[in-house]
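I'd like to go over a predicted model; first the sequence, then the structure.
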Amino acid sequence: IETSQWIYYKPITSLADDSSGAKGLVNHLVYSMFNQIDVYFNQKLVSPPNNAYVFCAYIVMLVNYASPAKTSHLTSCLWDADIPGYMNDTLDASNPNTALEIRAQYIRGNHALDLISHLHCDVFNQDKFLNNRVEVRMRLVRSKNLFCLMESKTLSKIRILDASLLVRKAKISSGVLLAHARMLSKPTAKYPLTRTKVKTFTIHSDVVGESIDNAILGQLPKRIIVGFVSRRLMVRKLNPFNSKNYGINFFSLYADGMQIPSRPIQPNFSKNELYIEAYHTLFSGTGIHFLNEGNSISRDDYANGYTLFAFDVTPDLFANCAGHWNLVKRGSLRLEVRFEKALSVTINCIVYAKFDNVLEIDSSRQVIVDFSN
């Protein structure tokens, strides 16, 4: 590398909004403002085309970052964890969500707010340089204001005044470029990716259990995280990230008929509050186990808005190791969940899955992926 520098692309004209200021902001606003980001390499779509980008970014930050990060550099994207048990309380509630109040202070009086963070896209989370002569194009789709704001009366909107894209560009010595050209005459440049996919499934009210067949069909993931949120996201008073426990008393995965784990998780969230096995999946399923690491979610927080079930489905429990791959398997994944009482509302089951994949670029700069979008 001879030189490298940050390149500013400014402005991003597609991020325009003629609305006025907002009141209450949901957590990690810089990600919540966009529900989809499409990335193209030479007109080839290399990112999953779904509208669940915000949940993908939220789950990554929630389970993979500890308190030192969440109280320091993650505040630049307006991360401030909502108070357990008060996640749906707006600013005018008798006991408001204090995290919502803190975020609201930044925009009080229609004050402008500046944010910065990286894009949670698979191709940007690998550490290899992108070859020259590869055009990169991105499309960012805004979330609805109803999703980003928590208000009880007014109809505020978010207006983006200015947006910039920062890209790291490096100049490689001519000798290395010639060596790359010779090497690419036969094999391809390979970029190992940890691909993420988020799917949502509806569970209707008045049911006491649900079996979701083919939640994942095709390549089986190496890790899966499941949570449940209210489907009434169009109501401003509701926090879209309030992953309640909904009285779950049975949860299990089945990969090609094989139960994961070997016995179902059967928590009790109502009477004796016995749910430690479900809570521990946040650590066993993310590679933390009993190490000196964490995610700042306590056992009390878990039952009050942070109820997620995480599973490492690799045979050697090394899903957290980016430099270690297991054999890719194909099949179907089924989820089974039961509730203590019939659901009073319709909910969404959020399924976050991670896969090992490879992106390849040949000498003519044709982009090849081993997964289907």
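Good, I have the coordinates.

quick one: the helix or strand in which Thr196 is found to chain centroid distance?
Per DSSP states H and E, Thr196 falls inside strand 189-203. Relative to the centre of its chain, strand 189-203 is centred 10 Å away, using Cα atoms, centre = their mean, to the nearest Å.

Same question for stretch 141-150.
Worked out by Cα atoms, centre = their mean, stretch 141-150 lies 16 Å from the chain centre.

tell me the mean pLDDT for it?
For stretch 141-150, mean pLDDT rounds to 86.

got the buried residues for it?
With burial defined by 16 or more other Cβ atoms under 10 Å, the residues of stretch 141-150 counted as buried are Arg142, Ser143, Asn145, Leu146, Phe147, Cys148, Leu149, Met150. C-beta: built from backbone N, CA, C; applies to glycine.

May I have the strands that pair with the strand holding Thr196, each with its orientation?
strand 347-361 (antiparallel) (DSSP bridges).

after the partner strand, next one along is what?
Going down the chain from strand 347-361, the next helix or strand is strand 367-369, by DSSP H and E.

what sits against Asn132?
Ile172, Leu177 (Cβ atoms under 8 Å, 6 or more residues apart in numbering).

Oops, could you answer that again for Ile83 instead?
Asn97, Thr98, Ala99.

JSON lines for those, including secondary structure and distance to Ser72?
Shown next, in JSON lines, are the contacts of Ile83 (DSSP: H, G, I helix; E, B strand; the rest coil; distance: Cβ to Cβ, whole Å):
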{"residue": "Asn97", "secondary structure": "coil", "distance to Ser72": "22"}
{"residue": "Thr98", "secondary structure": "helix", "distance to Ser72": "19"}
{"residue": "Ala99", "secondary structure": "helix", "distance to Ser72": "16"}
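
isn't there a strand covering Leu100?
No: if the criterion is DSSP: H, G, I helix; E, B strand; the rest coil, then Leu100 is helix and not within a strand.

Quick check: nearest residue in space to it, chain neighbours excluded?
Computed as Cβ to Cβ, 6 or more residues apart in numbering, the closest residue to Leu100 that is not its neighbour in sequence is Gly24, at 5.2 Å.

most surrounded residue in the contacts of Ile83?
Asn97 (26 neighbours; other Cβ atoms under 10 Å).

distance of it from Gly24?
8 Å (Cβ to Cβ, to the nearest Å).

Next, the angle strand 189-203 makes with the longest helix out of those in the chain.
Among the segments of the chain that qualify as a helix by DSSP state H, the longest is helix 53-64. Per axes from the mean of the first three to the mean of the last three Cα atoms, to 10 degrees, the angle that helix 53-64 makes with strand 189-203 is 100 degrees.

quick one: the residue nearest the centre of the chain and Leu282, what's the gap?
With distances taken as Cα atoms, centre = their mean, Cys56 lies nearest the centre of the chain, 1.5 Å away. Distance, Cys56 to Leu282, using Cβ to Cβ: 17 Å.

element containing Pro264?
strand 258-265.

Contacts only, for the residue nearest to Leu100.
Taking Cβ under 8 Å, 6+ apart as the test, what Gly24 contacts is Thr90, Leu91, Leu100, Arg103, Ala104, Leu149, Met150, Glu151.

The first one - nearest residue in space that isn't next to it in sequence?
Translated: Thr90. Nearest one to Thr90, counting by Cβ to Cβ, 6+ apart, is Ser152 at 4.7 Å.

same question, Ala99
Asp80 (4.5 Å).

Same question for Glu101.
Looking at Glu101 with Cβ to Cβ, 6+ apart, the closest residue is Leu91, at 6.4 Å.

Doesn't Leu253 lie inside a strand?
Yes: applying three-state DSSP, one finds Leu253 inside a strand.

ok, it to Tyr246 distance?
In terms of Cβ to Cβ, Leu253 sits 18 Å off from Tyr246.

can you check Val30 too?
In terms of Cβ to Cβ, Val30 sits 29 Å off from Tyr246.

The stretch 101-250 of the chain: strands as residue ranges?
136-142, 165-171, 189-203, 209-219, 223-230, 248-255 (DSSP state E, counting those that start in this stretch).

Out of these, which is closest to Val351?
When the strands of the stretch 101-250 of the chain are ranked by proximity to Val351, the top entry is strand 189-203, at 4.6 Å, counting by Cβ to Cβ.

how many degrees apart are the closest one and strand 223-230 in direction?
Using the same axes, to 10 degrees: strand 189-203 against strand 223-230 is 30 degrees.

CA atoms only for strand 189-203 - export them in PDB, please.
Provided in PDB are the C-alpha atoms of strand 189-203 (Å, rounded to 0.1, in the frame of the first residue of the first chain):
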ATOM      1  CA  ALA A 189     -10.200 -13.300  -6.100                       C
ATOM      2  CA  LYS A 190     -12.100 -14.800  -3.200                       C
ATOM      3  CA  TYR A 191     -13.700 -12.800  -0.400                       C
ATOM      4  CA  PRO A 192     -15.000 -14.900   2.500                       C
ATOM      5  CA  LEU A 193     -18.200 -13.400   3.800                       C
ATOM      6  CA  THR A 194     -20.300 -13.800   6.900                       C
ATOM      7  CA  ARG A 195     -23.700 -13.400   5.300                       C
ATOM      8  CA  THR A 196     -26.700 -12.300   7.400                       C
ATOM      9  CA  LYS A 197     -30.300 -12.800   6.600                       C
ATOM     10  CA  VAL A 198     -33.400 -11.600   8.600                       C
ATOM     11  CA  LYS A 199     -36.800 -13.100   8.000                       C
ATOM     12  CA  THR A 200     -40.100 -12.200   9.700                       C
ATOM     13  CA  PHE A 201     -43.100 -14.500  10.300                       C
ATOM     14  CA  THR A 202     -46.500 -13.600  11.600                       C
ATOM     15  CA  ILE A 203     -48.000 -15.300  14.600                       C
END
